[in-house]
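Visitor: Okay, predicted coordinates and the sequence, questions at the end:
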There are 2 protein chains.
Amino acid sequence: MNYDSQISKAKEYCEGKGARFTHLREKVYELLLNKESSVGAYDLLDDLKLTETSAKPATVYRTLDFLLEFGLIHRLESTNAFVACHHFDCSHPVQFLICDSCGQVQEIQSEGLKATLDKQAHSLGFKVTKQTIEAHGTCSLCQ
Amino acid sequence: MNYDSQISKAKEYCEGKGARFTHLREKVYELLLNKESSVGAYDLLDDLKLTETSAKPATVYRTLDFLLEFGLIHRLESTNAFVACHHFDCSHPVQFLICDSCGQVQEIQSEGLKATLDKQAHSLGFKVTKQTIEAHGTCSLCQ
DNA sequence: TATCTAAAGATATTCTGTAACTAACGATTC
DNA sequence: GAATCGTTAGTTACAGAATATCTTTAGATA
């Protein structure tokens, strides 16, 4: 319910990098923090409209782009949806476990996975710039 | 250019499973076989329309669903695009290396990657039903 | 205060995907 | 061959996802 400390941490983090953590950005980040599951851009827009009545698709996409750029949120490629990241200050990349039953998204960070994929790619002369690793299935609570 | 043998193999494969490899399905599979890169549904639709003039979005999506179900093609989640699979008769799952420079898509099959992700998930009580593993970067020719 | 830049507002459009219903086709049985 | 039934394809309409462009506003700086 209360993510004030997480939000101020985000604010400091952005401002430390010379970026403005505006009201809109804070609001969108807060909305995402309040979800265990991921949220689609248009669902997010509906939520956002409750307080920011003039919000439009471009509003939410611009804000999401900012949050993505600074690593405050992640994008799930397999569902076209977004999740808050709680530890943006430590280094990434990440992988996701997505429960198809309850929608919960769990972020994991396996150096092993990253390294294995990098190695495989490298052996084929392929240079990786970005990894997308997402697993769908059922979480422990839903089984 | 000539994928006749691949197509007849696909036809046999489907019919062996009691499914009909119709003209439309053959056509769409052929279009995908002729590409090194992945193709979006609407680009595919444009190509398809050259011979199947009545094709509509639903036409192509239904056909893609069929081909996906039988493993004749794969879907790239990070680009919303589709690629032909050349070895649908051996067991999957697969991972992809996607060149952001030339668009080439390379399919790899690393048991290690699959196993690592499965193991990670399992240790958290998560049961994986489907993996999405895609790497973006530059292929050996584009570096 | 004047100026400059980044952010937000506004509008329109494009791309991606699905729902729902109808028509045609193919196989089976009578 | 006619009747039936399930699958495939056609058609229309719409929902969801994302971007382009241009204008306006607000913050920081000089």
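Guide: Ah, there it is.

Visitor: So which bits of chain A are right by chain B?
Guide: Residues of chain A lying close to chain B by C-beta under 8 Å from any C-beta of the partner chain are A:77-78, A:95, A:97, A:99-100, A:106, A:108, A:110, A:112-113, A:116-117, A:120-121, A:124-140, A:143. C-beta coordinates here come from the backbone N, C-alpha and C atoms, glycine included.

Visitor: which of these count as buried?
Guide: A:77-78, A:95, A:97, A:99, A:106, A:108, A:110, A:113, A:116-117, A:120-121, A:126-128, A:131-139 (16 or more other C-beta atoms under 10 Å in any protein chain shown).

Visitor: any idea how far A:Gly112 is from A:Ser140?
Guide: Note on A:Ser140: its distance to A:Gly112, by C-beta to C-beta, to the nearest Å, is 21 Å.

Visitor: same question, A:Tyr29
Guide: Using C-beta to C-beta, A:Tyr29 is found at 30 Å from A:Gly112.

Visitor: and if you look at A:Asp47?
Guide: 36 Å.

Visitor: go on, A:His23?
Guide: 40 Å.

Visitor: give the contact list for A:Ser101.
Guide: Neighbour list for A:Ser101: A:Thr138, A:Cys139, A:Cys142 [criterion: C-beta atoms under 8 Å, 6 or more residues apart in numbering or on different chains].

Visitor: mind giving me TSV with those and columns for pLDDT?
Guide: Output for the contacts of A:Ser101, formatted as TSV (pLDDT from 0 to 100):
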residue	pLDDT
A:Thr138	97
A:Cys139	97
A:Cys142	95
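
Visitor: so what's the residue nearest the centre of chain A up against?
Guide: Central residue of chain A (C-alpha atoms, centre = their mean): A:His74, 2.2 Å from the mean position. Listed by C-beta under 8 Å, 6+ apart, the contact partners of A:His74 are A:Leu68, A:Phe82, A:Val83, A:Cys85, A:Val94, A:Phe96, A:Glu107.

Visitor: Name the helix or strand for it, please.
Guide: Per DSSP states H and E, A:His74 falls inside strand A:73-76.

Visitor: How about that strand and DNA strand C, touching?
Guide: No. Using C-beta under 7 Å from any atom of the strand, strand A:73-76 never reaches DNA strand C; the gap is at least 13.3 Å.

Visitor: Kindly list the main-chain dihedrals of the closest residue in space to A:Ala81 that isn't next to it in sequence?
Guide: Leaving aside its sequence neighbours, A:Ala81 sits nearest to A:Ser38 (C-beta to C-beta, 6 or more residues apart in numbering or on different chains; 3.7 Å). Torsion angles at A:Ser38 (phi, psi; degrees, to the nearest 10) stand at phi -90, psi 160.
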